[in-house]
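> can't give you the sequence, but here's the structure:
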């Protein structure tokens, strides 16, 4: 019978276990999280507005007849759309790494805007 005997030489060192990270445990950079949240909020507002403009007028009589079920259905629709939007946005960020490019472009754009405003103010 072949049994593997564990000895002090075959076991990983504690420091190796502590210092190694599983890919799911590697933290996101703050800039990526901030940009993803900003894009989610900016993208969420017009989508929610359009959905609200579509659903709310159609559900007026239903809200008057059965407000609890109507509100549950409307909330479920908004939550589902939000989940799908967030999922696909997160996948885009993971696939294309938008965080670096968007942060750099945003920083440069804000810097140039501030410079333009300062120059216009001083002339």
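Good, I have the coordinates. This structure is a prediction, so every number in the text was calculated from the model and none was measured.
> switch to C-alpha atoms for all contacts and neighbour counts from now on
Fine.
> just the strands in the protein please.
Assigned strands in the chain: none (criterion: DSSP state E).
> ranking helices and strands of it by mean pLDDT, which lands last?
helix 14-19 (a mean of 50; mean pLDDT, DSSP states H and E).
> so where's the protein uncertain?
1-28, 97-107, 123 (pLDDT under 70).
> now do the helices in this protein.
Ranges of helices in the chain, per DSSP state H, are 14-19, 30-58, 60-65, 67-96, 98-122.
> now render these as TSV, adding mean neighbour count.
Converted to TSV, the helices of the chain look like this (neighbours: other C-alpha atoms under 10 Å):
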stretch	mean neighbour count
helix 14-19	8
helix 30-58	14
helix 60-65	12
helix 67-96	13
helix 98-122	12
